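[1] Have a look at this prediction, sequence included:
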Amino acid sequence: MAQYWLFKSEPDVFSIHDLQQAKGKRTSWEGIRNYQARNFLRDTAQVGDGVLFYHSNADPLAIVGTATIVKPGYPDHFAWESDHKYFDPASTPDNPVWFMVDIRLTNIFSQPVTRESLQSEPDCSQMLLLKKGSRLSIQPVTETEWRA
């Protein structure tokens with residue numbers, strides 16, 4: 001049974017258009033450095049799960065398209081590269097701390113779904129994204145929220 005997720009990305013770091021330009025419209029979703037988000041990627045996210053691609057730190061804040069998980073959680077090898085921005089000396093190949101998944105672009109929305117419009121949608125009123133203080137970059141989404 002498919003699950004659904006919201007992945008946040010700042011568009012000046014990696015936008016949905018960057019995903020569109022990536023080879024095979026596919027990328028690894030690396031650099032997650034929050035334990036709860038890591039656990040979602042490592043333990044729960046599966047091939048075929050749907051992803052809402054959310055532009056954070058943008059104007060407007062919005063879901064701009066969808067993607068699909070095409071490779072389940074695996075160690076984030078960038079954590080082992082001392083010259084990489086995601087390096088973490090606590091993570092090793094024998095004892096990886098951080099994980100990532102691969103996603104493939106499904107759809108870019110012609111009209112982004114803004115945070116403001118989500119707030120006014122009854123089926124989305126309980127979205128984790130809309131909760132005060134919610135800052136997770138990987139968040140579960142219910143099937144009802146996905147369909148809305």
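    The structure has been received and is ready for your questions.
[2] Can you get me the start-to-end distance on stretch 35-49?
    Separation of the first and last residues of stretch 35-49 by C-alpha to C-alpha, to the nearest Å is 20 Å.
[3] Run the chain-centre distance for that stretch.
    10 Å (C-alpha atoms, centre = their mean, to the nearest Å).
[4] now this protein, which segments are flagged as low pLDDT?
    Counting by pLDDT under 70, the chain shows no low-confidence range.
[5] Helices of that one, residue ranges please.
    16-21, 35-39, 115-119, 143-147 (DSSP state H).
[6] any chance of those helices in TSV, with mean neighbour count too?
    To be clear about C-beta, it is placed using only N, CA and C from the backbone, and glycine gets the same treatment. Formatted as TSV, those follow (neighbours: other C-beta atoms under 10 Å):
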stretch	mean neighbour count
helix 16-21	16
helix 35-39	15
helix 115-119	15
helix 143-147	15
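[7] With Arg104 as the reference, name the closest of those.
    helix 16-21 (8.3 Å; C-beta to C-beta).
[8] Which elements pack onto the closest one?
    strand 26-29, strand 50-55, strand 62-75, strand 99-114 (3 or more C-beta pairs under 8 Å, 6 or more residues apart in numbering; DSSP states H and E).
[9] Parallel or antiparallel, list what pairs with the last one.
    What it means is strand 99-114. Note on strand 99-114: by DSSP bridges, its sheet partners are strand 26-29 (antiparallel), strand 62-75 (antiparallel).
[10] now the last one and strand 50-55, what's the angle there?
    To tie it back to what came earlier, the one meant is strand 62-75. Interaxial angle of strand 62-75 relative to strand 50-55 (axes from the mean of the first three to the mean of the last three C-alpha atoms, to 10 degrees): 120 degrees.
[11] ok, back up a step: nearest to Arg135, out of the helices of the chain?
    Arg135 lies closest, by C-beta to C-beta, to one member of the helices of the chain: helix 35-39, at 9.7 Å.
[12] Please list the outside residues in contact with the closest one.
    32, 97-99, 136-139 (C-beta atoms under 8 Å, 6 or more residues apart in numbering).
[13] likewise stretch 11-27?
    For stretch 11-27, using C-beta under 8 Å, 6+ apart, the contacting residues are 9, 53, 55, 57-58, 64-65, 67, 70, 102-105, 108.
[14] what do you get for stretch 68-80?
    Taking C-beta under 8 Å, 6+ apart as the rule, stretch 68-80 contacts 5, 26, 28, 30-32, 41-43, 45-51, 84-88, 91-93, 96-104, 106.
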